[in-house]
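>>> predicted model, plus sequence, below.
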Amino acid sequence: MEAVLSAKDEKLYERLAFKIHRWVEQGTLKPGEKIPSVRAMSLQQRVSVSTVLQAYFLLENQGVIEARPQSGFYVRALLKDLPPEPSVSKVSQSTVKVGVSDLVSRVYEAVRRPDVVPLGAAAPSPDLLPTVSLHRKIALASRRFAKAGISYDPPPGNEALRHQIARRSIEWGGTLSPDKIVTTCGGMEALNLCLRAVARSGDTVAIESPTYYGVLQAMESLGIKVVEIPTHPKDGASLSDLKLILKKHKLKACLMIPNFNNPLGSCMPEENKKELVKMLSRERVPLIEDDIYGDLYFGALRPKPAKAFDRDGWVMLCSSFSKTLAPGYRVGWVAAGRFQAEIERLKFINTVATATLPQIAIADFLETGGYDRHLRKLRRAFASQVQRVTEAIHRYFPKGTRVTRPQGGFVLWVELPPSVSSLDLHHKALKEGISIVPGPIFSPSQKYLNFIRLNCGHPWSERMEAALKTLGGLAGGL
């Protein structure tokens, strides 16, 4: 049972976390060294056990310390001892016709192999998901809603789930109402519906570069041209470059992942999100916002989506439960603002309805508090795994390697020395039973030849470390 903290306790645990962090930075507590137990720290600092626990959890989420089963908390490697971050992406402001599907298909033939070490596909390990609880919810729903469970639940979708999603928007200062949310078959259908609602073949859409290849495949299938926005590995898309793009091109939409971009892990500052929404609304350009990683933050507070600053309905917020609960349930959603009616129409044409039982089960899981308890554990696990993989890259990869410092999600964007071809590395790694995703599939112009994306969504193990050591050796030999 989790302790409930007062406002005073909250300030205390943040101050304590800052103090411990300073001890680490000053060398008072060294990497690999055990820190005082929760009870010992409570006595030393004259604060409650719950305050110490919250401070330790915050530091663990930030990658400063790690919990070791049956042993306690230990200091992790300092960020200054790890590889530097990649630089801002450099792209042309010309429109590009997308052509990545063939390359994506070849890469994902390998990802599906069960025998490989899964450093490729950005999917959480089933070992980290509440499988038993969700299956129980499905069984319960099938008994309680026998007829409804096998019937269509046409747009906008299951009312109970839409209500829970709307309630959760309060956490980030949103004002979503259940009747303004449409449930979808995963996040990709949500993004596809948004693109189809605002753009046609031959139209131009602005995207971050690099960006998720699934978005690029969707645009390729629709015949949409894209223009790439340079993106900072920490702060996200360059708004100054977007201003120039808006002057130069007639955009039908802008599609972004402001919170923990895939593959960068960047998180756009709040003031930038405000400016982004203001800028696009002024030009009457819809923003299709993918917030699928928004709940997987490592810090104390969930970052707001850009939708939180939308006053005129130009932001189309998309998300799903695929990265946090159950990829196979295929339950996503979209709050489409002024495009609500068109999204509902397209949803019905596209798939008629989203599967009913998974929606009911997830709604129950959210309502009973299971989701929040699960998220707290999942965020700690991902923060720890991201840190461990980063440390392994530092140990085993060739000199000159750079790696991002995401504060949420579970992927790393790795820049290898210029001489290394990520496509060659992909082929060589497969022969060793290791899957990775090469950089060119994250760009319509197939840039980022010496970049790879690594999945940190699986628990750390000796097999994982051995795979990273092998991968570093292969990269060093190219």
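Looks like it arrived, so ask away. Numbering: from 1, shown residues only.
>>> from memory residue 173 sits against residue 307, does it?
No. At 9.8 Å, residue 173 and residue 307 do not qualify as touching, with contact defined as CB atoms under 8 Å. For every residue, glycine as well, the C-beta is placed using N, CA and C.
>>> so how far is stretch 358-371 off the chain centroid?
21 Å (CA atoms, centre = their mean, to the nearest Å).
>>> CA atoms only: put it into PDB for me.
The C-alpha coordinates for stretch 358-371 follow below in PDB (Å, rounded to 0.1, in the frame of the first residue of the first chain):
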ATOM      1  CA  PRO A 358     -10.500  -5.100 -24.600                       C
ATOM      2  CA  GLN A 359     -12.000  -1.600 -24.300                       C
ATOM      3  CA  ILE A 360     -14.200  -2.800 -21.400                       C
ATOM      4  CA  ALA A 361     -11.300  -4.500 -19.700                       C
ATOM      5  CA  ILE A 362      -9.000  -1.500 -20.000                       C
ATOM      6  CA  ALA A 363     -11.700   0.900 -18.700                       C
ATOM      7  CA  ASP A 364     -12.100  -1.300 -15.600                       C
ATOM      8  CA  PHE A 365      -8.300  -1.400 -15.100                       C
ATOM      9  CA  LEU A 366      -8.200   2.400 -15.200                       C
ATOM     10  CA  GLU A 367     -11.200   2.900 -13.000                       C
ATOM     11  CA  THR A 368     -10.000   0.600 -10.200                       C
ATOM     12  CA  GLY A 369      -6.500   2.200 -10.000                       C
ATOM     13  CA  GLY A 370      -4.600  -0.700 -11.500                       C
ATOM     14  CA  TYR A 371      -3.200   1.400 -14.300                       C
END
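>>> quick check: pLDDT value at residue 10.
At residue 10, the model reports a pLDDT of 50.
>>> picking up where we left off before, which one's more surrounded, residue 173 and residue 307?
Between residue 173 and residue 307, residue 307 has the larger neighbour count (other CB atoms under 10 Å), namely 27 against 12.
>>> quick one, what contacts the more buried one?
174, 176, 289, 291, 315, 317, 335 (CB atoms under 8 Å, 6 or more residues apart in numbering).
>>> so how far is residue 189 from it?
As judged by CB to CB, to the nearest Å, residue 307 and residue 189 stand 18 Å apart.
>>> mind listing what residue 147 touches?
Applying CB under 8 Å, 6+ apart, no residues contact residue 147.
>>> element containing it?
Per DSSP states H and E: residue 147 is located in helix 146-149.
>>> what of residue 429?
Using DSSP H and E, residue 429 falls within helix 422-431.
>>> quick one: mean pLDDT for that helix?
The average pLDDT within helix 422-431 is 94.
>>> cool, and stretch 96-105?
For stretch 96-105, the mean confidence score works out to 78.
>>> any idea which helix or strand carries residue 74?
strand 72-75.
>>> and residue 465, by the same measure?
Going by DSSP H and E, residue 465 is part of helix 462-476.
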